[in-house]
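Chemist: coordinates for the following, if possible.
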Amino acid sequence: MNKTFAILTHRLSLSLEFTVQYLSSFHNNEVIIHVDKKSNMKDFEHLESDRVTFIKERENVKWGHISVVHATIKMLRQSNANNFFFLISGDDFPLMTNDEIDQTLAYNKNKSFIHFQDG
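Modeler: Numbers count the residues shown, from 1 in each chain. Next up, the predicted model:
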């Protein structure tokens with residue numbers, strides 16, 4: 001299964017580094033990162049690789065604001081349209097292995113999953 005993991009972040013953290021390194025280690029994954037415009041890009045540049053790219057035209061993101069949608073749309077436009085698309089934050093990390101994610105997607109063919117967490 002080809003997957004895009006789109007990450008919205010504003011700070012470098014151990015969970016972000018782990019998530020990017022793990023997810024980008026599989027040939028069928030691409031990772032696209034939007035770093036908040038207020039953040040220093042130099043802190044994140046070491047994460048870039050063949051499977052990890054950054055949004056060049058960054059948004060000044062304010063949570064709960066339309067700027068989050070704008071940043072997400074930029075990642076959608078940069079992603080491969082044939083991939084499954086996962087939108088996560090820089091503090092999220094996978095609770096399933098890459099193989100388990102692939103198996104779940106294969107088992108639930110033609111289904112979409114949407115989840116949100118409120119407060």
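Chemist: mind listing the strands for the protein?
Modeler: Assigned by DSSP state E, the chain shows strands spanning 3-9, 29-35, 52-54, 84-89.
Chemist: Leu16: which of these is closest?
Modeler: Leu16 sits nearest to strand 3-9 of all the strands of the chain, at 5.8 Å, using CB to CB. C-betas here are computed from N, CA, C, even on glycine.
Chemist: could you dump the lengthiest helix in the chain to CSV, C-alpha only?
Modeler: Longest helix in the chain by number of residues, with DSSP state H as the criterion: helix 66-78. The C-alpha coordinates for helix 66-78 follow below in CSV (Å, rounded to 0.1, in the frame of the first residue of the first chain):
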residue,chain,number,x,y,z
ILE,A,66,-8.1,28.5,8.7
SER,A,67,-4.3,28.5,8.4
VAL,A,68,-4.3,24.8,9.5
VAL,A,69,-6.6,24.1,6.5
HIS,A,70,-4.3,26.0,4.2
ALA,A,71,-1.2,24.1,5.4
THR,A,72,-3.1,20.8,5.0
ILE,A,73,-4.2,21.6,1.4
LYS,A,74,-0.5,22.4,0.5
MET,A,75,0.4,18.9,1.7
LEU,A,76,-2.4,17.3,-0.2
ARG,A,77,-1.3,19.1,-3.4
GLN,A,78,2.3,17.9,-2.9
